[in-house]
Structures are given as structure tokens and as C-alpha cells.
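1. sequence unknown, structure follows:
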């Protein structure tokens, strides 16, 4: 039997896909037809598309079409997957067409972060199974951007450095009370109690994570310092010195930012300090529909302007914002490397489609952080009557300053 | 002849003024009537009001009434002027009534920052006379917030430290080109050329300041590296590696932020770096009407959210934001102390009303920065294709890192 060859129509579709992508140094191959970019840059990857219907789905809906076909193993990418995706991100492809926008609006609606919607969205991702995340996260199960003092430190060291950076930015003092919302498997809450002697009340609506965190706090001997509460951040009660949220604002939904501000104000009033760490953007746009469908239902990455809708109505004073997007790319590189090492196990336990889907998610995330389509913001803020404002940020980088030169970074009038 | 005593009406007016101010620890005295706050806090100042019409003007229009009567010497403040004003700021007084809002709208209109309006507004303040500013600024005539590595360094050191901090945040490299808008008397432009070997094109519409800056660049031997252009920022032409603006956004007018973004993008494109240093706020509100009338016509202090209207439409990536409001309070303390030392000279040259007006402006500014009604934001940003992003901020605080460990803070992938 003769191998089917590409028709005029196939070549037109390849051409259409190319014009959506722009001159990225990635070859598009459909059977015996190859479409090369009009560029001198060396080709970094080759996308092998098996048939016209897959190609058509990529032309109509590039992000979903590619993502789903890649997960299903219908599309193969030869060469450097991450670098290929990064080049696509950098070329600002015109892939957000009417079909994309329609789907995005649909997700806005069906994945809205109401109390019940958030619970469904969060359980979908974080209750997947701690066993799965253990395959590729660090020992302490920290599932947010790490901080690499130098690019070559290990993931374990970088996650610990991140937790310590958060504590130093907040200048935690023994005996203070902290409320954390969206506490993951509890690493930060436990770290703060162990290393800074604070009492923490940590909220999370993922049952699986809370159970894990409670167990771990017991083992670590800090169960009396850290209380894990399985509840929505909107139900936070009590008064605290400090508010912390690391990697949670992405799940709040923009329509709820003013309410999040009121929750924070109820918790720490005008005299407390607070910290938000979240994935953001330079320019406002909806989150990837493919990721919202398969990985993070209800996710949204705000611009700094949008994130201020949490803080400004409460008159919170922003003290410091740091962008760590290259650190998130590096963190994801570690996760992807560990994921690849455990790939066969993932396939055995969860199936090939699932494994390829998560590989694409991790690789695509490296690409978007590298290319600058996503940012990672750490925002430190204080209440309008907070009198404990650091004089400079030097104590973050010169550790001895913390203990020896306290007067330098309280209000020195 | 009998001393006029206070009537029932006077006491009612004193009471009305008190209820506007709230329980601030400041005594209000009209002839023989004294109104004390309902607070246990020790009294920090006494405001002596001479007559009913002055008191009435303060009740109707507290900010203008007090400011004008203080300048005219009709009101005396005994005790600590700065602390008294700070307590008033902290109590969030209800002084922005209908009269205030009406006047504010009027200033919005007559002081609008059109090309001609900006020219008028800026000349009004900065062309006052360099002799006047020399009486109380530092030697280098830096008229923006300084950076005090420790609170006790001199104003001269702190201004130099600020200029160096700006250069380090921007990671200036010899041979790079910089455009500065709103360059004052030229200190930063000259510093960048002298210490970092860059070529600077600096814009300002104050004739007096530009003339001074050119003279100084010649004396400093950097006239071939620094070009001072007497023109509006909207007329910036040429392509540069770096954009800098220190203490200028306050004069741009919020309606012009998108245009300012386009000017920046024209100058540095998607691959450059930029820096904005400006007086801001935690919550959106118009600038003091008294200051807009007498000191800074057309001024506006944006919130971070508002300031992003400059950067977001151009897809600029915010790398770092630092709030230096306590440093501005400290800077103003130095200025006020020098101003008080030169008070008699100011009176002799410019009259008593002018001298008291400027004393009130400086004292009031210390109070508002201390109380947190004003903030000072330094925003570092980069174009979406800028590949030179520092790995961490450690190089700002560990100076040796700058030369020896360069690879640490370029893109370390």
C-alpha cells in the first residue's frame, strides 16, 4: 500500500500554521511536507504532525490543538522541547483567535472561584495525590517558585532559601502570630514556626494537603505552634501580626481581589505586615486555556496593576516588590528534570497521556517564564499604621545585620 | 481698652474645627478660648488663631485656610510644627470637603500638564532662582529623595548614595547611552557620566536649571558626555539603552501616563532598561490644593496601580520596586534644618510670607512622608526582550559583586 502523501490542502494548512506562529526556528513536518521558517536562526526543534485533522485542529485552535495532540502522543517534538516553546512564546504568535476567546470566556464561567468553585478547582489539582508530587518536588514538597542565591544551588537549598527570604522580608519575630492562606503541604508554615518562633494558622481547602501538613507538623514537633485549617481563605478569623500568601493569588480570581483585601484587613488591620507571592504578567490577558482545562482550573495571573486591587482599597503601603521570574524558570527546570527521571513511574501509575500532559505543562512553564510571558512577583506591604518598617533592604543580603544592628531597620527618625 | 473675648460663636467654630481634625494632640487657641483634644497623648503643639475670620476660613477650607494664614503670619504654631502636622496627617482628618474638591477640580483644569501648561508649571517652581535652592539643598543641588545607607550619614553622602543606587539598579555599563527626563540641575546625569562612563542626553524645561547644568558639566569636564536639552519630555528623540526619570512623574499629569509610556518605548524599545523614581500614594487621591496653589502647580502623586498605566501598555516587565518614604522624610528633615539656618536670609531676599510658606511646605512634607500619606517609589523595569536581567538584588548591597561575579546577575539559564 502506498504511503499517503501531502496534498495542496495540507501544504496550505501548514502555511497557515506557520503564519500564526511567525518565523520561529521550529520546523513543521506533515508526512513528506516540511515547512521551514524564514529565518537564519538554527532550527531548535521539529514538530511532527501525523495527519490533516491534527494539523487542522492546530490551525483552528493552536494552543488546545497542539496541547491535546501532544498529550495524546499524536504529535512528536524532536529536538529541544523547552527551547522550541520558548521561541514560540517570544515571537508573540497570533494564537488567541475567536475560538480561543470563546473557550476562555467559557472557562471564566464554569471555573469561577466562588466558595464552591474554588473548592472544586483546588481539589482537582492539589488532591491529585501527594505520591505524584513526591516524584518530582523537593523533599519538603514546596510547590512554588524557589529562590536561588546563585543559579547552581540545589532545589532543596533554593526552596529553603526562598522560605527564609520570605521570613526575612517580613522580619518575623519570636512570639508573633501569622496567618497563611493557601499553605500547600505546609512547608512554609512549619519553617516559620521552627526557625522564627512564630505561631501560624494556615488555611487550605485541599484535604490531601492539609492531612499531610498536620502529620508533618507533628513529626517536626511544632504541632502546638502551627494549626492547619481546612477551610477557604474567605473564612479566615482571628487577629494576627502578619499575613502570608505564597502561590495562592493565582487561584483567587480577579473578581475576588477586593474581597481578598477585606480578608487581609480583617486579619491584620492597619498595623500588620503582609506578603503576597504570585505568578503575574506585564500585560493583562487571560491564562492559557489548555492549562485551565487540564492543569489549573480557574487560574489567573494578574498584572501588578490588577494585583493592587487587593491592597489599595485597604490603604496598604507597598514596601518592596521583587520579580523572580528567572528563578521560577530555574525551579521548573529542576522539576522537569526530576519528572523526566520519574517518567516511567508516572506512565505506569497514571498513563502515558497524563505523563505527556504534565511534561508539556512543565516545559511550557519554563518557556513562558524565560520568555517573560509570565512573571513572579513578591509583594511586601504594611498597614497604614505599621510602625515597623525596615530602613533599607540590606538585611536581606547581609545576614548579620538582622541580629546585630536592629536599630538600622526600624523607623529611624 | 478691653481685650476682645471669645463669644459662643467662636467656641462653636473651634469645636467644629476640632471635629474635623479628630483627637490629635494639638491645642487650638483663639484668644482666651482653648480647645483641647479628648486624648491622653501629650500635647505636641499649640495653634494660636488670632480672630474669628481666620478660624472660619480654617473650618470652611482647613488646608487652604491654615496654610495661607500660617504663611501670612496670622497663625502661630508653638511646640513642634512637624510633629503637630504629622499627628494631623495620621488622624485622617475630614478636611477634603466640597470646597476642597471644587478647588481641586479647578486646579486640575487651569494647571493641566499640556506642553504649554507643563512649561508654565515647571518654570513657576524651578525657575524660582537657583540662589534660593542653594540656601538649603546639598552642594550638588539634588532636589529629590536621598538614600541614607544608615540614618546618620550626611545629606551630601546620602544624595551621592542615591545616585549610585540608581546607577547600580540600572547596571550601567561604560559606553551605554542614557536618556534622562526631568534632570533638575543635572547632578544625576553628570554623576552617571563621571562614575559609569555612559553618554547622557538629559531633558528639562526649566531654563534656569538647564543653564546651570550646562555650566556645571563643563566645569566637571564631562560636557562631551552629557548633553542638556531644554525641551519637553514628549519631544525626546533618538534611541538609547536606558531611560531614567527621577522626580518627574509627579509633574506629568495622570492623563499623560500612556503618552509617557509611548515616549519611553520610542526611546528604549523592547530591549532597554528603565527607571522611574516618584512620589506616590497607597490610595488614590488628588494632591494637596495648598501645595498645588503655591508650590507645585499641576502636581499629582499616583498610586502604584496608576503608575502602571505608563508601563503596562508597553509590556514593560517590572523587575524591582522599592519604597523609600522614610528616606524622603529624612531628606526633608535635612532640608528644613538648612532652611531654618538660612531663614533670615530667605526673609531678607524673598519676604516673610514666602519664607513661612516654604517652611510650612517642608515641614508638612516631612509629616506626610512619616505618616505614610505619601510614598516614594523607585521602579526598575525592562523591555520584554531585554536579556540583561540581574539574577538577584544582592549586588545592590554587596558592592564587590558588581565587578567580580558578573555572571551571577546576567541571565543564568
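-> All right, it came through fine. All figures in this text were calculated on a predicted structure; none of them were measured in a lab.
2. which bits of the stretch 251-400 of chain A sit near chain B?
-> A:282-284, A:303-305, A:308-309, A:311-313, A:315-323, A:325-326, A:329-330, A:370, A:372, A:375, A:377, A:384-385, A:389, A:391-394, A:396-398 (CB under 8 Å from any CB of the partner chain). For the C-beta atoms, the positions are set from N, CA and C on the backbone; glycine is no exception.
3. mind checking how far the residue nearest to residue A:183 when sequence neighbours are not counted is from chain B?
-> Closest residue to residue A:183 apart from its sequence neighbours, by CB to CB, 6 or more residues apart in numbering or on different chains: residue A:202 at 3.7 Å. Taking CB to the nearest CB, to the nearest Å as the measure, residue A:202 and chain B are separated by 27 Å.
4. now do the same contact list for residue A:202.
-> Going by CB atoms under 8 Å, 6 or more residues apart in numbering or on different chains, residue A:202 touches A:179, A:180, A:181, A:183, A:186, A:189, A:213, A:226, A:227, A:228, A:229.
5. that one looks like it's in a strand, true?
-> Yes: under DSSP: H, G, I helix; E, B strand; the rest coil, residue A:202 falls within a strand.
6. could you dump the contacts of residue A:202 to JSON lines with neighbour count, pLDDT and secondary structure?
-> Shown next, in JSON lines, are the contacts of residue A:202 (neighbours: other CB atoms under 10 Å in any protein chain shown; pLDDT from 0 to 100; DSSP: H, G, I helix; E, B strand; the rest coil):
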{"residue": "A:179", "neighbour count": "31", "pLDDT": "98", "secondary structure": "strand"}
{"residue": "A:180", "neighbour count": "28", "pLDDT": "98", "secondary structure": "strand"}
{"residue": "A:181", "neighbour count": "27", "pLDDT": "97", "secondary structure": "strand"}
{"residue": "A:183", "neighbour count": "28", "pLDDT": "96", "secondary structure": "coil"}
{"residue": "A:186", "neighbour count": "28", "pLDDT": "97", "secondary structure": "coil"}
{"residue": "A:189", "neighbour count": "30", "pLDDT": "98", "secondary structure": "helix"}
{"residue": "A:213", "neighbour count": "24", "pLDDT": "96", "secondary structure": "helix"}
{"residue": "A:226", "neighbour count": "27", "pLDDT": "98", "secondary structure": "strand"}
{"residue": "A:227", "neighbour count": "16", "pLDDT": "97", "secondary structure": "strand"}
{"residue": "A:228", "neighbour count": "26", "pLDDT": "97", "secondary structure": "strand"}
{"residue": "A:229", "neighbour count": "20", "pLDDT": "97", "secondary structure": "strand"}
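7. for residue A:364, list the residues it contacts.
-> Applying CB under 8 Å, 6+ apart, the residues near residue A:364 are A:85, A:288, A:291.
8. check the secondary structure at it for me.
-> Criterion first, three-state DSSP; result for residue A:364: helix.
9. can you check the pLDDT for it?
-> Residue-level confidence at residue A:364 comes out at 97, pLDDT.
10. ok, now how distant is it from residue B:94?
-> 53 Å (CB to CB, to the nearest Å).
11. circling back: from the residues of the stretch 251-400 of chain A next to chain B, which land in strands?
-> Residues from those lying in strands, with DSSP state E as the criterion: A:317, A:318, A:319, A:320, A:321, A:322, A:323, A:375, A:377.
12. now the residues of the stretch 251-400 of chain A next to chain B: which count as buried?
-> Applying 16 or more other CB atoms under 10 Å in any protein chain shown to those, the neighbour count classes A:282, A:303-305, A:308-309, A:311-312, A:315-323, A:325-326, A:329-330, A:370, A:372, A:375, A:377, A:384, A:389, A:391-394, A:396-397 as buried.
13. thinking again about what came up before, from the ones in strands among the residues of the stretch 251-400 of chain A next to chain B, which single one is nearest residue B:168?
-> residue A:322 (15.4 Å; CB to CB).
14. just the strands from chain A, written as ranges.
-> Going by DSSP E, chain A shows strands at A:26-30, A:33-35, A:45-49, A:76-79, A:177-181, A:199-204, A:226-230, A:242-246, A:273-280, A:317-323, A:375-382.
15. weakest of those strands in terms of mean pLDDT?
-> Among the strands of chain A, strand A:33-35 scores lowest, at a mean of 91.
16. strands paired with it, and their directions?
-> Here strand A:33-35 is paired, per DSSP bridges, with strand A:26-30 (antiparallel).
17. which residues are contacting the strand it pairs with?
-> With CB under 8 Å, 6+ apart, strand A:26-30 has contacts from A:6, A:10, A:13-14, A:17-18, A:21, A:34-37, A:43-52, A:55, A:84, A:87-88.
18. picking up where we left off before, and the furthest pair within the ones in strands among the residues of the stretch 251-400 of chain A next to chain B?
-> A:317 and A:375 (21.8 Å).
19. from residue B:312, how far out is the closest residue to residue A:308 other than its chain neighbours?
-> Excluding the flanking residues, the one nearest residue A:308 by CB to CB, 6+ apart is residue B:305, at 3.7 Å. The gap separating residue B:305 from residue B:312 is 10 Å, by CB to CB.
20. report the set of residues contacting both of those two.
-> Common neighbours of residue B:305 and residue B:312, using CB under 8 Å, 6+ apart, are A:304, A:305.
21. sorry, back to before: dump the strands of chain A to TSV, plus distance to residue B:168.
-> Below are the strands of chain A laid out as TSV (distance: least, CB to CB, whole Å):
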stretch	distance to residue B:168
strand A:26-30	38
strand A:33-35	47
strand A:45-49	38
strand A:76-79	39
strand A:177-181	33
strand A:199-204	36
strand A:226-230	39
strand A:242-246	28
strand A:273-280	25
strand A:317-323	15
strand A:375-382	20
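22. neighbours of residue A:271, just the number please.
-> If you count neighbours by other CB atoms under 10 Å in any protein chain shown, residue A:271 ends up with 14.
23. before we move on, back to that, of all the ones in strands among the residues of the stretch 251-400 of chain A next to chain B, which comes closest to chain B?
-> residue A:321 (3.8 Å; CB to the nearest CB).
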